[in-house]
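Q: after the sequence you'll find the predicted model.
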Amino acid sequence: MRRVQDFDEEMARKAVSTSKVIKLATVKASKSAKTSKAVTKPVYVLNGPNLNLLGLREPEIYGNTTLAGIEKLVATAAKARGVNVLCLQSNHEGELVTWIQEARSMASGLIINPAAYAHTSIAIHDALAMLDIPVVEVHISNVHKREEFRHYSYVSSVVTGVICGLGVKGYTLALDAILADLSK
Ligand code: DQA
């Protein structure tokens with residue numbers, strides 16, 4: 001478990017209580033930033049398998065930004081918007097399912113890059129279908145320009161929206177989409 005900063009000891013403790021955290025980054029929202037209406041719980045940012053190797057992994061497809069770089073990007077954007085984020089990464093399907101289940105009560109919204117599990121996981125589909133918060137699926141690459149097996153996502157039918165092919169900026173765009181949804 002790695003905690004970068006903490007925003008709320010109790011919330012972070014509860015969030016990790018049922019699972020082993022591979023990576024956890026929380027950031028205290030800036031007091032001076034305008035706090036978005038009613039966003040008291042963090043936005044979960046979940047990254048799936050092999051995304052821990054971003055930066056090294058096929059940079060011609062995924063670019064040079066590391067996972068830590070993405071987490072910093074999204075945490076900085078969240079701080080400027082007065083909200084908290086909780087960033088987690090796992091290579092294990094069940095662990096992602098557990099975090100999605102936790103998000104039902106612990107999160108205001110959820111950003112998920114399910115990576116290859118988008119194309120295979122009915123378990124992640126089922127877990128997301130139980131959520132009643134805005135959820136954005138993010139893919140760094142444009143999966144529709146790539147191999148045919150990447151064209152179908154089991155996740156897309158149970159999320160609020162999908163961002164793909166816009167690089168790592170997709171994560172901050174997803175955050176803004178979630179905050180816009182929550183302020184409706
Ligand atoms: C990905 C696209 C997936 O097809 C792939 O398996 C990944 C990364 C993306 O962010 O572009 O691991 O989700």
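A: The structure has been received and is ready for your questions.

Q: what's the host helix or strand of Val97 packed up against?
A: If you go by DSSP states H and E, Val97 is part of helix 93-106. Counting by 3 or more CB pairs under 8 Å, 6 or more residues apart in numbering; DSSP states H and E, the packing neighbours recorded for helix 93-106 are helix 9-16, strand 43-47, strand 109-113, helix 122-129. Glycine gets a C-beta too; all of them are placed from N, C-alpha and C.

Q: 7 Å - rerun?
A: helix 9-16, strand 43-47, helix 122-129 (3 or more CB pairs under 7 Å, 6 or more residues apart in numbering; DSSP states H and E).

Q: and it, what's buried?
A: Using 16 or more other CB atoms under 10 Å as the test for burial, helix 93-106 gives Glu93, Glu95, Leu96, Val97, Thr98, Trp99, Ile100, Glu102, Ala103, Met106.

Q: tell me if that helix is near the ligand.
A: No: for helix 93-106, no contact with the ligand is found by CB under 6 Å from any ligand atom; the gap never falls below 12.6 Å.

Q: angle of that helix against helix 122-129?
A: 0 degrees (axes from the mean of the first three to the mean of the last three CA atoms, to 10 degrees).

Q: count of neighbours near the nearest residue to Gly48 once chain neighbours are set aside?
A: Beyond its immediate neighbours in the sequence, the residue positioned closest to Gly48 (CB to CB, 6 or more residues apart in numbering) is Ala115, lying 3.6 Å away. The number of residues packed near Ala115 is 21, by other CB atoms under 10 Å.

Q: check His139 too.
A: 23.

Q: need the contact list for the residue nearest in space to the middle of the chain.
A: Central residue of the chain (CA atoms, centre = their mean): Val45, 2.2 Å from the mean position. For Val45, the contacting residues are Val74, Val85, Leu86, Cys87, Ile111, Tyr171, by CB atoms under 7 Å, 6 or more residues apart in numbering.

Q: let's see it at 6 Å
A: Val74, Val85, Cys87, Ile111 (CB atoms under 6 Å, 6 or more residues apart in numbering).

Q: and it, how far is that from Gln101?
A: For Val45, the distance to Gln101 equals 16 Å [CB to CB, to the nearest Å].

Q: Ala129 too?
A: Ala129 is 12 Å from Gln101, by CB to CB.

Q: can you map out the strands along this structure?
A: 25-26, 43-47, 85-89, 109-113, 135-139, 161-164 (DSSP state E).

Q: redo those strands as JSON lines? Include distance to the ligand and mean pLDDT.
A: Converted to JSON lines, the strands of the chain look like this (distance: least, CB to the nearest ligand atom, whole Å; pLDDT from 0 to 100):
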{"stretch": "strand 25-26", "distance to the ligand": "18", "mean pLDDT": "47"}
{"stretch": "strand 43-47", "distance to the ligand": "9", "mean pLDDT": "98"}
{"stretch": "strand 85-89", "distance to the ligand": "12", "mean pLDDT": "98"}
{"stretch": "strand 109-113", "distance to the ligand": "5", "mean pLDDT": "98"}
{"stretch": "strand 135-139", "distance to the ligand": "4", "mean pLDDT": "98"}
{"stretch": "strand 161-164", "distance to the ligand": "7", "mean pLDDT": "98"}
